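K.L.:
below are the sequence and a predicted model; questions follow.
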Amino acid sequence: MNIIIVGAGFTGTQLAKRLISNKNDVVLIDSDEEKVRHISNRLDCMVMQATANNLETLEDAGISKADVLITLTESDELNMIICSLADSMYPKVMKIARVRNYDYYCAKPQLANHRPPYGIDFMVHPDEEAAKAIVKAMESGAATEVTDFEDSETALISLQVEKGSKFDGIRVLEMRNFTTLPFMLAYIEKEGEPSLPSGSSILEAGTRLTIVTEKTNIPAFLACCGREVHELHRIALVGAGRIGSKIAEKIISHQPTTTFSRLFGVHKKFSQDFLIIDPDKKRAKEASEKFLGATVHRADITDENFIEEEQLNTFDLVITATKNHERNMVTAAYLKTIGVRKTICLVQSCNYGMIARNIGIDVAVPIKDAVVDTILSHLRGKSVTDLHSIADGKFEIVQVTIDGQSAAAGKHLRDFSIGNFLVLLIEKKELDKFVVPDSETVFEEGDKIVLIADRRKKDKQSQNNLAQFGVHE
């Protein structure tokens, strides 16, 4: 595909890198001369120094032949203006914009035969993505990182094997001796290096497992890995900015509507057990007026006197969600050392997430990676309903719905010459539940497929296999 990206910040650069590695033609535009010079030496693509809110720049970048326009500048208004401008002349180009302001944000699907609002096909809201991920981790007792799939009861869970646990010292093929629950092991990670597992792969203390299974099965797998789960009655949130406010909204309004959430003691009413902490006077005042079910403090979380007065060391969970990601990590790690049972912190990317885990933080949520994944899910094909990248984009876990046009419909799993992907789970429409596939499994229209793809393999056979499921480069 021919793709134009406007905005060469961290997200724009990471997205361009991923797209280039998948053999797409990318043009990157930014108005900052120093940034353009730096990126030109790092990426194998055309990089332009220009403002993109005019047709001349877009046409110089090749908008007439482009398949996709993605706007990722720091200004919501500029992102929307560029998309609207392009839509006025090139309506067939797919347009994706990052929009943080909820006054602009529109997540509703467009009506048939109507242009989408502002000419933008998909809006991506990074704060919403991060807040959802943090609350999902909270629902699991902050014992593991949980990633949802759209409209599905399954989840991607990442957890670490603890010393002396049931999974410590066993081979992968022996995992099923300890549980009869349906699951598939997506990949394992040792010393920061991910790999697709074989039956003979040895699990040991420190190994990180990523498993796809139904959400209600998560407690059983936590137990097998030796992870303790505690109810979260006392929760503190550090940061009352945009993301912090979204997290607070979700926590206060949370209803324990499922067995899963009730199991972990996530309750609607926190009253004095839910604290919001922010050093900024304006943000603290707004939070106190908006979140009547919480106790709001204008304070510095690193102030030892404040920590002692509020007895933060006795809290079950502290979430650090300020815009300073390095400070989030340091704060969460420190609070963990003084007695806080669980910590969740917002970080910039998966690389920071690895550092956070190494210093004792229970769950790290990478906000930039969530944005890149959301954008890529729109580019992989209309059958792709969700996508999550791992290991700096080396692997992707993809959810696909088989439709009537899919080449995979009616075929057995054994009919595929598996090259760069592994089918993990299938939700059969008639059964309304996920099953672990075998060679005789038949793919049918309406099935939801969860698969893992090794994006490092670019051979034609591998690409053809994925294309039959509707997954494209």
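P.N.:
It's in.
K.L.:
use CA for all of it now, contacts and neighbours both
P.N.:
OK.
K.L.:
pLDDT on stretch 318-335, on average?
P.N.:
Averaged across stretch 318-335, pLDDT comes to 94.
K.L.:
and for stretch 355-365?
P.N.:
For stretch 355-365, mean pLDDT rounds to 87.
K.L.:
care to break this protein down by domain?
P.N.:
2-124, 145-224, 232-366, 380-468 (automatic domain parsing).
K.L.:
closest to Met138 out of those domains?
P.N.:
Among the domains of the chain, the nearest to Met138 by C-alpha to C-alpha is domain 232-366 (8.1 Å).
K.L.:
re the thing from before, any chance of the domains of the chain in a markdown table, with mean neighbour count and distance to Lys132 too?
P.N.:
Below are the domains of the chain laid out as a markdown table (neighbours: other C-alpha atoms under 10 Å; distance: least, C-alpha to C-alpha, whole Å):
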| stretch | mean neighbour count | distance to Lys132 |
| --- | --- | --- |
| domain 2-124 | 18 | 13 |
| domain 145-224 | 17 | 9 |
| domain 232-366 | 19 | 8 |
| domain 380-468 | 18 | 14 |
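K.L.:
so which of those is nearest Ala130?
P.N.:
domain 232-366 (6.9 Å).
K.L.:
in a markdown table: the domains of the chain, plus distance to Glu139.
P.N.:
As requested, the domains of the chain are exported to a markdown table (distance: least, C-alpha to C-alpha, whole Å):
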| stretch | distance to Glu139 |
| --- | --- |
| domain 2-124 | 24 |
| domain 145-224 | 9 |
| domain 232-366 | 6 |
| domain 380-468 | 20 |
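K.L.:
contacting residues around stretch 36-44?
P.N.:
Stretch 36-44 has contacts (C-alpha atoms under 8 Å, 6 or more residues apart in numbering) with 8, 13, 16-17, 20, 29-30, 46-49.
K.L.:
what is the nearest of those to Gly62?
P.N.:
Using C-alpha to C-alpha, the contacts of stretch 36-44 come closest to Gly62 at Met46, 10.8 Å.
K.L.:
nearest residue to that closest one in space, please, no chain neighbours.
P.N.:
Val27 (4.9 Å; C-alpha to C-alpha, 6 or more residues apart in numbering).
K.L.:
now that neighbour. Its backbone dihedrals?
P.N.:
For Val27, the backbone dihedrals (degrees, to the nearest 10) come out as phi -120, psi 130.
K.L.:
what do you get for Asn358?
P.N.:
Per-residue torsions, Asn358: phi -70, psi -20 (degrees, to the nearest 10).
K.L.:
before we move on, what about Ser201?
P.N.:
Main-chain dihedrals, Ser201, degrees, to the nearest 10: phi -60, psi 130.
K.L.:
oh, and call the first residue 42 from now on, that's how I've got it
P.N.:
Renumbered: residue one is now 42, and that last one reads Ser242.
K.L.:
is it true that it touches Glu215?
P.N.:
No - taking contacts as C-alpha atoms under 8 Å, Ser242 lies outside contact range of Glu215: 10.0 Å.
K.L.:
which residues does the nearest residue to Ser241 once chain neighbours are set aside contact?
P.N.:
Distances taken as C-alpha to C-alpha, 6+ apart place Arg212 nearest to Ser241, at 5.5 Å, with adjacent residues excluded. Applying C-alpha under 8 Å, 6+ apart, we find Arg212 in contact with 240-244.
K.L.:
what's the answer for Asp321, then?
P.N.:
When the contact criterion is C-alpha under 8 Å, 6+ apart, the partners of Asp321 are 339-340.
K.L.:
look up how far Ile198 lies from the nearest residue to Val425 once chain neighbours are set aside.
P.N.:
With sequence-adjacent residues excluded and distances taken as C-alpha to C-alpha, 6+ apart, Val425 is closest to Val441, at 4.5 Å. According to C-alpha to C-alpha, to the nearest Å, Val441 stands 18 Å off from Ile198.
K.L.:
what does His79 give?
P.N.:
Counting by C-alpha to C-alpha, the separation of His79 from Ile198 is 37 Å.
K.L.:
looks like Glu169 contacts Lys287 (just checking).
P.N.:
Yes - with contact defined as C-alpha under 8 Å, Glu169 counts as touching Lys287 (6.9 Å).
K.L.:
could you check the pLDDT of Phe311?
P.N.:
On the pLDDT scale, Phe311 is placed at 43.
K.L.:
secondary structure class for the residue nearest to Val425?
P.N.:
At Val441 the chain is in strand, as set by DSSP: H, G, I helix; E, B strand; the rest coil.
K.L.:
repeat for Ala448
P.N.:
Under three-state DSSP, the three-state class of Ala448 is coil.
K.L.:
phi, psi of it?
P.N.:
When read as degrees, to the nearest 10, the backbone of Ala448 gives phi -70, psi -20.
K.L.:
tell me how far it lies from Asp414.
P.N.:
Ala448 sits 25 Å away from Asp414, taking C-alpha to C-alpha as the criterion.
K.L.:
do the same with Gly487
P.N.:
Separation of Gly487 from Asp414 (C-alpha to C-alpha): 24 Å.
K.L.:
just the pLDDT at the closest residue to Leu492 other than its chain neighbours, thanks.
P.N.:
With sequence-adjacent residues excluded and distances taken as C-alpha to C-alpha, 6+ apart, Leu492 is closest to Val464, at 4.3 Å. The model reports Val464 with a pLDDT of 83.
K.L.:
from Ala508, how far off is Val464?
P.N.:
To Ala508, Val464 is 14 Å away according to C-alpha to C-alpha.
K.L.:
again, but for Val491
P.N.:
Look at Val491 and Ala508: by C-alpha to C-alpha, they are 14 Å apart.
K.L.:
ok, now which ones touch the residue most central in space within the chain?
P.N.:
Residue closest to the average C-alpha location in the chain (C-alpha atoms, centre = their mean): Ala411, at 3.8 Å. By C-alpha under 8 Å, 6+ apart, the residues touching Ala411 are 167, 170-171, 429.
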